[in-house]
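In: just coords:
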(Lines give C-alpha, C1' and ligand atoms only; values in the text may rest on other atoms or scores of the structure.)
Protein backbone atom coordinates (compact mmCIF):
# COMPACT_ATOMS: atom_id res chain seq x y z
CA UNK A 1 0.00 0.00 0.00
CA UNK A 2 2.85 2.41 0.82
CA UNK A 3 4.49 1.68 -2.52
CA UNK A 4 1.27 2.10 -4.45
CA UNK A 5 0.38 5.33 -2.66
CA UNK A 6 3.83 6.78 -3.27
CA UNK A 7 3.83 5.94 -6.95
CA UNK A 8 0.34 7.32 -7.40
CA UNK A 9 1.29 10.58 -5.71
CA UNK A 10 4.21 11.02 -8.11
CA UNK A 11 1.93 10.41 -11.08
CA UNK A 12 -0.61 12.93 -9.77
CA UNK A 13 2.13 15.52 -9.50
CA UNK A 14 3.29 14.82 -13.03
CA UNK A 15 -0.08 15.57 -14.53
CA UNK A 16 -0.24 19.09 -13.11
CA UNK A 17 -0.38 21.62 -15.89
CA UNK A 18 -2.53 19.46 -18.18
CA UNK A 19 -6.02 20.76 -18.87
CA UNK A 20 -8.18 17.84 -17.79
CA UNK A 21 -11.33 19.74 -16.93
CA UNK A 22 -11.33 18.04 -13.50
CA UNK A 23 -11.36 19.52 -10.01
CA UNK A 24 -8.72 18.56 -7.47
CA UNK A 25 -11.41 16.74 -5.47
CA UNK A 26 -12.35 14.76 -8.58
CA UNK A 27 -8.72 13.77 -9.11
CA UNK A 28 -8.42 12.63 -5.51
CA UNK A 29 -11.57 10.55 -5.96
CA UNK A 30 -10.15 8.97 -9.11
CA UNK A 31 -6.91 8.20 -7.21
CA UNK A 32 -8.84 6.57 -4.39
CA UNK A 33 -10.89 4.45 -6.79
CA UNK A 34 -7.79 3.38 -8.74
CA UNK A 35 -5.94 2.45 -5.55
CA UNK A 36 -8.94 0.44 -4.39
CA UNK A 37 -9.01 -1.35 -7.75
CA UNK A 38 -5.32 -2.17 -7.47
CA UNK A 39 -5.87 -3.56 -3.96
CA UNK A 40 -8.45 -6.00 -5.34
CA UNK A 41 -6.11 -6.96 -8.14
CA UNK A 42 -3.26 -7.69 -5.74
CA UNK A 43 -5.51 -10.11 -3.83
CA UNK A 44 -6.22 -12.19 -6.94
CA UNK A 45 -4.06 -15.23 -7.61
CA UNK A 46 -4.59 -15.08 -11.36
CA UNK A 47 -5.95 -12.07 -13.23
CA UNK A 48 -8.42 -12.90 -15.97
CA UNK A 49 -10.13 -9.57 -16.63
CA UNK A 50 -11.18 -6.48 -14.72
CA UNK A 51 -13.12 -3.40 -15.74
CA UNK A 52 -12.43 0.12 -14.54
CA UNK A 53 -15.74 1.93 -15.00
CA UNK A 54 -15.45 5.64 -15.82
CA UNK A 55 -17.87 8.16 -14.37
CA UNK A 56 -17.73 10.53 -17.35
CA UNK A 57 -20.65 10.39 -19.79
CA UNK A 58 -18.62 11.99 -22.58
CA UNK A 59 -15.12 10.77 -23.38
CA UNK A 60 -12.83 12.74 -25.67
CA UNK A 61 -15.74 13.90 -27.78
CA UNK A 62 -17.45 10.47 -27.92
CA UNK A 63 -21.09 11.08 -27.03
CA UNK A 64 -22.22 7.47 -26.82
CA UNK A 65 -20.99 4.72 -24.53
CA UNK A 66 -17.43 5.22 -23.26
CA UNK A 67 -14.97 3.44 -25.58
CA UNK A 68 -13.56 0.17 -24.25
CA UNK A 69 -9.81 -0.40 -24.20
CA UNK A 70 -8.30 -3.83 -23.53
CA UNK A 71 -4.85 -3.66 -21.92
CA UNK A 72 -2.81 -6.85 -22.31
CA UNK A 73 0.49 -7.06 -20.41
CA UNK A 74 2.00 -9.75 -18.22
CA UNK A 75 3.77 -7.11 -16.10
CA UNK A 76 1.32 -5.79 -13.52
CA UNK A 77 3.09 -2.46 -13.04
CA UNK A 78 3.01 -1.56 -16.74
CA UNK A 79 -0.56 -2.76 -17.08
CA UNK A 80 -1.80 -0.79 -14.09
CA UNK A 81 -0.08 2.39 -15.29
CA UNK A 82 -1.95 2.16 -18.59
CA UNK A 83 -5.21 1.37 -16.75
CA UNK A 84 -4.84 4.41 -14.49
CA UNK A 85 -4.00 6.80 -17.33
CA UNK A 86 -6.85 5.59 -19.54
CA UNK A 87 -9.25 5.53 -16.61
CA UNK A 88 -8.48 9.19 -15.92
CA UNK A 89 -9.34 9.92 -19.55
CA UNK A 90 -12.73 8.30 -19.01
CA UNK A 91 -12.25 5.07 -20.95
CA UNK A 92 -13.69 1.75 -19.83
CA UNK A 93 -10.64 -0.43 -19.31
CA UNK A 94 -10.45 -4.23 -19.43
CA UNK A 95 -7.30 -6.06 -18.35
CA UNK A 96 -5.63 -9.33 -19.33
CA UNK A 97 -2.24 -10.66 -18.27
CA UNK A 98 -1.58 -13.21 -21.02
CA UNK A 99 -1.99 -13.56 -24.77
CA UNK A 100 -3.69 -16.95 -24.56
CA UNK A 101 -6.96 -15.52 -23.22
CA UNK A 102 -7.10 -12.43 -25.44
CA UNK A 103 -8.91 -13.84 -28.49
CA UNK A 104 -11.81 -15.19 -26.44
CA UNK A 105 -11.91 -12.04 -24.31
CA UNK A 106 -12.05 -9.80 -27.39
CA UNK A 107 -14.97 -11.73 -28.87
CA UNK A 108 -16.80 -11.51 -25.56
CA UNK A 109 -16.13 -7.85 -24.69
CA UNK A 110 -15.73 -6.31 -28.18
CA UNK A 111 -13.27 -3.56 -27.18
CA UNK A 112 -12.74 -0.48 -29.32
CA UNK A 113 -8.95 -0.74 -29.06
CA UNK A 114 -6.29 -3.10 -27.73
CA UNK A 115 -3.04 -2.10 -26.04
CA UNK A 116 -0.97 -5.24 -26.56
CA UNK A 117 2.38 -6.06 -25.01
CA UNK A 118 4.83 -7.68 -27.41
CA UNK A 119 6.98 -9.78 -25.08
CA UNK A 120 4.75 -12.20 -23.20
CA UNK A 121 5.29 -15.84 -22.23
CA UNK A 122 3.43 -18.41 -24.30
CA UNK A 123 1.59 -16.56 -27.06
CA UNK A 124 3.37 -13.27 -27.74
CA UNK A 125 1.75 -10.07 -28.95
CA UNK A 126 2.59 -10.67 -32.60
CA UNK A 127 0.76 -14.01 -32.62
CA UNK A 128 -2.27 -12.52 -30.86
CA UNK A 129 -2.49 -9.62 -33.31
CA UNK A 130 -2.22 -11.91 -36.32
CA UNK A 131 -5.11 -14.05 -35.07
CA UNK A 132 -7.29 -11.01 -34.41
CA UNK A 133 -6.63 -9.43 -37.80
CA UNK A 134 -7.45 -12.68 -39.62
CA UNK A 135 -10.84 -12.93 -37.91
CA UNK A 136 -13.70 -11.14 -39.70
CA UNK A 137 -15.32 -10.32 -36.34
CA UNK A 138 -12.24 -8.65 -34.83
CA UNK A 139 -10.19 -7.36 -37.79
CA UNK A 140 -11.42 -3.75 -37.43
CA UNK A 141 -10.25 -3.42 -33.82
CA UNK A 142 -7.05 -1.32 -33.80
CA UNK A 143 -4.03 -2.78 -32.04
CA UNK A 144 -1.32 -0.64 -30.44
CA UNK A 145 1.79 -2.62 -29.57
CA UNK A 146 3.31 -1.82 -26.19
CA UNK A 147 7.00 -2.56 -26.16
CA UNK A 148 10.27 -1.67 -24.54
CA UNK A 149 11.87 -2.75 -27.80
CA UNK A 150 12.78 0.01 -30.19
CA UNK A 151 14.49 -2.03 -32.87
CA UNK A 152 13.52 -1.91 -36.51
CA UNK A 153 12.91 -5.67 -36.82
CA UNK A 154 10.21 -5.69 -34.14
CA UNK A 155 8.38 -2.77 -35.73
CA UNK A 156 8.46 -4.41 -39.16
CA UNK A 157 7.15 -7.63 -37.64
CA UNK A 158 4.35 -5.67 -35.96
CA UNK A 159 3.35 -4.05 -39.25
CA UNK A 160 3.39 -7.43 -41.01
CA UNK A 161 0.88 -8.95 -38.58
CA UNK A 162 -1.47 -5.96 -38.89
CA UNK A 163 -0.53 -3.74 -35.95
CA UNK A 164 -1.88 -0.19 -36.18
CA UNK A 165 0.59 1.70 -33.97
CA UNK A 166 3.42 1.41 -31.44
CA UNK A 167 3.99 2.85 -27.97
CA UNK A 168 7.25 2.54 -26.09
CA UNK A 169 7.47 2.03 -22.35
CA UNK A 170 7.40 4.06 -20.16
CA UNK A 171 4.21 5.75 -21.40
CA UNK A 172 3.93 9.39 -22.23
CA UNK A 173 0.44 10.25 -21.01
CA UNK A 174 -0.31 12.85 -23.68
CA UNK A 175 0.92 10.59 -26.48
CA UNK A 176 -1.06 7.62 -25.15
CA UNK A 177 -4.27 9.65 -24.96
CA UNK A 178 -3.80 11.13 -28.44
CA UNK A 179 -3.07 7.83 -30.15
CA UNK A 180 -5.90 5.97 -28.44
CA UNK A 181 -8.40 8.72 -29.22
CA UNK A 182 -7.38 8.86 -32.88
CA UNK A 183 -7.56 5.10 -33.45
CA UNK A 184 -10.85 4.65 -31.57
CA UNK A 185 -12.43 7.38 -33.67
CA UNK A 186 -11.14 5.76 -36.87
CA UNK A 187 -12.42 2.37 -35.75
CA UNK A 188 -15.91 3.71 -35.15
CA UNK A 189 -15.93 5.42 -38.54
CA UNK A 190 -14.85 2.15 -40.18
CA UNK A 191 -17.61 0.28 -38.37
CA UNK A 192 -20.21 2.78 -39.55
CA UNK A 193 -18.95 2.39 -43.10
CA UNK A 194 -18.90 -1.40 -42.82
CA UNK A 195 -22.47 -1.44 -41.52
CA UNK A 196 -23.68 0.86 -44.29
CA UNK A 197 -22.12 -1.37 -46.95
CA UNK A 198 -23.76 -4.44 -45.43
CA UNK A 199 -27.14 -2.71 -45.51
CA UNK A 200 -26.70 -1.99 -49.23
CA UNK A 201 -25.71 -5.58 -49.97
CA UNK A 202 -28.72 -6.84 -48.00
CA UNK A 203 -31.04 -4.59 -49.99
CA UNK A 204 -29.49 -5.80 -53.25
CA UNK A 205 -29.94 -9.45 -52.29
CA UNK A 206 -33.54 -8.86 -51.24
CA UNK A 207 -34.24 -7.37 -54.67
CA UNK A 208 -32.84 -10.47 -56.36
CA UNK A 209 -34.93 -12.72 -54.10
CA UNK A 210 -38.10 -10.97 -55.33
CA UNK A 211 -37.48 -12.45 -58.75
CA UNK A 212 -37.24 -16.25 -58.45
CA UNK A 213 -36.28 -16.50 -62.12
CA UNK A 214 -32.80 -15.02 -61.72
CA UNK A 215 -31.51 -17.71 -59.34
CA UNK A 216 -28.03 -16.90 -58.01
CA UNK A 217 -27.44 -14.24 -60.64
CA UNK A 218 -25.54 -11.88 -58.30
CA UNK A 219 -23.27 -14.59 -56.92
CA UNK A 220 -22.38 -15.73 -60.43
CA UNK A 221 -21.58 -12.16 -61.47
CA UNK A 222 -19.32 -11.72 -58.45
CA UNK A 223 -17.31 -14.85 -59.24
CA UNK A 224 -17.13 -14.12 -62.96
CA UNK A 225 -16.18 -10.51 -62.30
CA UNK A 226 -13.29 -11.54 -60.08
CA UNK A 227 -12.03 -14.10 -62.60
CA UNK A 228 -12.28 -11.74 -65.60
CA UNK A 229 -10.71 -8.89 -63.64
CA UNK A 230 -7.73 -11.08 -62.76
CA UNK A 231 -7.50 -12.20 -66.39
CA UNK A 232 -7.27 -8.54 -67.46
CA UNK A 233 -4.68 -7.81 -64.74
CA UNK A 234 -6.86 -5.17 -63.14
CA UNK A 235 -5.88 -3.64 -59.83
CA UNK A 236 -7.17 -5.05 -56.57
CA UNK A 237 -9.53 -2.10 -56.16
CA UNK A 238 -10.91 -2.45 -59.70
CA UNK A 239 -11.57 -6.14 -59.11
CA UNK A 240 -13.28 -5.31 -55.82
CA UNK A 241 -15.48 -2.76 -57.60
CA UNK A 242 -16.40 -5.34 -60.25
CA UNK A 243 -17.34 -7.83 -57.55
CA UNK A 244 -19.38 -5.26 -55.63
CA UNK A 245 -21.02 -4.31 -58.91
CA UNK A 246 -22.23 -7.90 -59.15
CA UNK A 247 -24.32 -7.33 -56.04
CA UNK A 248 -25.26 -3.68 -56.48
CA UNK A 249 -25.76 -3.08 -60.23
CA UNK A 250 -29.55 -3.44 -59.97
CA UNK A 251 -30.05 -2.07 -56.45
CA UNK A 252 -32.09 0.79 -57.97
CA UNK A 253 -34.85 -1.69 -58.79
CA UNK A 254 -35.96 -1.23 -55.19
CA UNK A 255 -37.61 1.94 -56.47
CA UNK A 256 -39.38 0.32 -59.43
CA UNK A 257 -43.08 -0.56 -58.90
CA UNK A 258 -43.85 -4.28 -58.75
CA UNK A 259 -46.36 -3.82 -61.55
CA UNK A 260 -43.44 -3.05 -63.84
CA UNK A 261 -40.60 -5.00 -62.23
CA UNK A 262 -42.52 -8.27 -61.94
CA UNK A 263 -44.63 -7.91 -65.07
CA UNK A 264 -44.84 -11.25 -66.91
CA UNK A 265 -45.77 -9.87 -70.29
CA UNK A 266 -43.82 -7.59 -72.59
CA UNK A 267 -43.06 -4.13 -71.23
CA UNK A 268 -44.81 -1.21 -72.86
CA UNK A 269 -42.82 1.89 -73.88
CA UNK A 270 -44.10 3.59 -70.72
CA UNK A 271 -43.06 0.59 -68.61
CA UNK A 272 -39.64 0.62 -70.24
CA UNK A 273 -39.11 4.30 -69.38
CA UNK A 274 -39.88 3.50 -65.73
CA UNK A 275 -37.57 0.47 -65.73
CA UNK A 276 -34.68 2.52 -67.12
CA UNK A 277 -34.84 4.72 -64.04
CA UNK A 278 -33.35 1.94 -61.91
CA UNK A 279 -29.78 2.91 -62.83
CA UNK A 280 -30.35 6.48 -61.65
CA UNK A 281 -32.06 5.33 -58.46
CA UNK A 282 -29.18 2.94 -57.77
CA UNK A 283 -26.63 5.70 -58.26
CA UNK A 284 -28.50 7.94 -55.83
CA UNK A 285 -28.66 5.20 -53.19
CA UNK A 286 -24.91 4.54 -53.29
CA UNK A 287 -23.72 8.11 -53.85
CA UNK A 288 -23.28 9.09 -50.16
CA UNK A 289 -20.77 6.30 -49.50
CA UNK A 290 -17.23 7.21 -50.50
CA UNK A 291 -16.27 3.53 -50.68
CA UNK A 292 -18.83 3.09 -53.48
CA UNK A 293 -17.40 5.70 -55.83
CA UNK A 294 -15.75 3.03 -58.00
CA UNK A 295 -18.99 1.04 -58.21
CA UNK A 296 -21.28 3.93 -59.12
CA UNK A 297 -20.10 4.12 -62.78
CA UNK A 298 -20.98 0.42 -63.11
CA UNK A 299 -24.43 0.98 -61.60
CA UNK A 300 -25.23 3.97 -63.81
CA UNK A 301 -23.66 2.92 -67.10
CA UNK A 302 -23.91 -0.87 -67.43
CA UNK A 303 -26.70 -0.44 -70.01
CA UNK A 304 -24.82 1.99 -72.27
CA UNK A 305 -23.88 0.81 -75.78
CA UNK A 306 -20.68 1.38 -77.73
CA UNK A 307 -22.57 3.20 -80.53
CA UNK A 308 -24.40 5.52 -78.13
CA UNK A 309 -27.81 3.83 -78.33
CA UNK A 310 -27.88 2.75 -74.68
CA UNK A 311 -29.13 4.50 -71.55
CA UNK A 312 -29.25 6.64 -69.45
CA UNK A 313 -26.70 9.05 -70.99
CA UNK A 314 -26.25 7.61 -74.51
CA UNK A 315 -22.47 7.57 -74.06
CA UNK A 316 -20.33 6.44 -77.01
CA UNK A 317 -17.15 4.41 -77.19
CA UNK A 318 -14.64 5.12 -74.46
CA UNK A 319 -16.94 7.71 -72.93
CA UNK A 320 -18.42 4.66 -71.23
CA UNK A 321 -16.41 3.96 -68.04
CA UNK A 322 -14.09 1.00 -68.57
CA UNK A 323 -15.40 -1.04 -65.61
CA UNK A 324 -18.96 -0.53 -66.87
CA UNK A 325 -17.89 -1.90 -70.28
CA UNK A 326 -16.36 -4.94 -68.59
CA UNK A 327 -19.32 -5.50 -66.30
CA UNK A 328 -21.96 -5.36 -69.02
CA UNK A 329 -20.23 -8.22 -70.86
CA UNK A 330 -20.32 -10.33 -67.71
CA UNK A 331 -23.95 -9.42 -67.06
CA UNK A 332 -25.08 -10.20 -70.62
CA UNK A 333 -23.19 -13.48 -70.75
CA UNK A 334 -24.77 -14.69 -67.50
CA UNK A 335 -28.23 -13.70 -68.74
CA UNK A 336 -27.75 -15.57 -72.02
CA UNK A 337 -26.41 -18.74 -70.41
CA UNK A 338 -29.11 -18.86 -67.69
CA UNK A 339 -32.51 -20.43 -68.09
CA UNK A 340 -35.52 -18.14 -67.72
CA UNK A 341 -39.28 -18.82 -68.07
CA UNK A 342 -39.28 -17.06 -71.43
CA UNK A 343 -36.13 -18.71 -72.83
CA UNK A 344 -33.77 -21.65 -72.57
CA UNK A 345 -30.17 -21.30 -71.50
CA UNK A 346 -27.72 -20.90 -74.38
CA UNK A 347 -24.50 -22.86 -74.54
CA UNK A 348 -21.21 -21.04 -74.06
CA UNK A 349 -20.53 -20.97 -77.79
CA UNK A 350 -24.07 -19.81 -78.62
CA UNK A 351 -23.86 -16.99 -76.10
CA UNK A 352 -20.49 -15.83 -77.38
CA UNK A 353 -21.79 -15.88 -80.96
CA UNK A 354 -24.69 -13.60 -79.98
CA UNK A 355 -22.38 -11.22 -78.15
CA UNK A 356 -19.84 -11.11 -81.00
CA UNK A 357 -22.65 -10.26 -83.41
CA UNK A 358 -23.71 -7.42 -81.08
CA UNK A 359 -20.13 -6.17 -81.07
CA UNK A 360 -20.05 -6.24 -84.87
CA UNK A 361 -23.30 -4.25 -84.95
CA UNK A 362 -21.75 -1.54 -82.76
CA UNK A 363 -23.24 -2.35 -79.36
CA UNK A 364 -20.06 -3.52 -77.61
CA UNK A 365 -16.39 -2.61 -77.48
CA UNK A 366 -15.02 -4.98 -80.17
CA UNK A 367 -11.53 -5.30 -78.67
CA UNK A 368 -12.85 -5.95 -75.17
CA UNK A 369 -15.39 -8.42 -76.57
CA UNK A 370 -12.58 -10.43 -78.18
CA UNK A 371 -10.73 -10.50 -74.84
CA UNK A 372 -13.89 -11.64 -73.09
CA UNK A 373 -14.45 -14.44 -75.62
CA UNK A 374 -10.88 -15.65 -75.14
CA UNK A 375 -11.32 -15.48 -71.36
CA UNK A 376 -14.59 -17.46 -71.40
CA UNK A 377 -13.04 -20.21 -73.52
CA UNK A 378 -10.05 -20.33 -71.20
CA UNK A 379 -12.27 -20.16 -68.10
CA UNK A 380 -14.68 -22.91 -69.19
CA UNK A 381 -11.84 -25.15 -70.40
CA UNK A 382 -10.12 -25.00 -66.99
CA UNK A 383 -13.37 -25.85 -65.21
CA UNK A 384 -13.89 -29.02 -67.23
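Out: On my side now, so go ahead. None of these values were measured; they are calculated from a predicted model.
In: can we go C-alpha only for contacts and neighbour counts from here?
Out: Noted.
In: secondary structure element for residue 370?
Out: Element membership for residue 370, per DSSP states H and E: helix 366-383.
In: residue ranges with poor pLDDT in the stretch 101-250 of the chain?
Out: By pLDDT under 70, the low-scoring segments of the stretch 101-250 of the chain are 149-150, 191-196, 208-215.
In: all helices of it, in order?
Out: 102-109, 125-134, 152-160, 173-210, 217-231, 236-248 (DSSP state H, counting those that start in this stretch).
In: packing partners of the first one?
Out: In other words, helix 102-109. helix 125-134 (3 or more C-alpha pairs under 8 Å, 6 or more residues apart in numbering; DSSP states H and E).
In: flag every buried residue along the helix it packs on.
Out: Of all the residues in helix 125-134, those buried under the rule 16 or more other C-alpha atoms under 10 Å are 125-126, 128-130, 132-133.
In: quick one on the thing from earlier: other residues contacting the helix holding residue 370?
Out: Among residues not part of helix 366-383, those counted as contacts by C-alpha atoms under 8 Å, 6 or more residues apart in numbering are 228, 231, 326, 329, 348, 352, 355-356, 359-360.
In: that helix versus helix 217-231: what angle between them?
Out: With axes from the mean of the first three to the mean of the last three C-alpha atoms, to 10 degrees as the basis, helix 366-383 and helix 217-231 are set at 100 degrees to each other.
In: how about helix 366-383: buried residues?
Out: By neighbour count, with 16+ other C-alpha under 10 Å as the criterion, the buried positions of helix 366-383 are 366, 368-369, 372-373, 375-376.
In: next: stretch 156-166.
Out: 158, 161-163, 165-166.
In: of those, which pair is most distant in space?
Out: In the buried residues of stretch 156-166, two members sit farther apart than any others by C-alpha to C-alpha. They are 161 and 166, at 12.8 Å.
In: where exactly do the strands run in the protein?
Out: Listed in chain order, the strands of the chain (DSSP state E) span residues 51-52, 68-72, 92-96, 113-117, 143-147, 165-168.
In: quick one, helices of the stretch 251-384 of the chain?
Out: Counting by DSSP H, counting those that start in this stretch, the stretch 251-384 of the chain has these helices, from start to end: 258-261, 269-275, 278-286, 296-301, 322-336, 348-360, 366-383.
In: put together JSON lines for these, with distance to residue 186 and mean pLDDT on each row.
Out: Written out in JSON lines, the entries for those read as follows (distance: least, C-alpha to C-alpha, whole Å; pLDDT from 0 to 100):
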{"stretch": "helix 258-261", "distance to residue 186": "40", "mean pLDDT": "87"}
{"stretch": "helix 269-275", "distance to residue 186": "39", "mean pLDDT": "94"}
{"stretch": "helix 278-286", "distance to residue 186": "21", "mean pLDDT": "94"}
{"stretch": "helix 296-301", "distance to residue 186": "25", "mean pLDDT": "96"}
{"stretch": "helix 322-336", "distance to residue 186": "30", "mean pLDDT": "96"}
{"stretch": "helix 348-360", "distance to residue 186": "46", "mean pLDDT": "96"}
{"stretch": "helix 366-383", "distance to residue 186": "40", "mean pLDDT": "90"}
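In: winner for burial among those?
Out: Among those, the stretch with the highest mean neighbour count (mean count of other C-alpha atoms under 10 Å) is helix 296-301, at a mean of 26.
In: now do residue 110 against residue 175, distance only.
Out: 24 Å (C-alpha to C-alpha, to the nearest Å).
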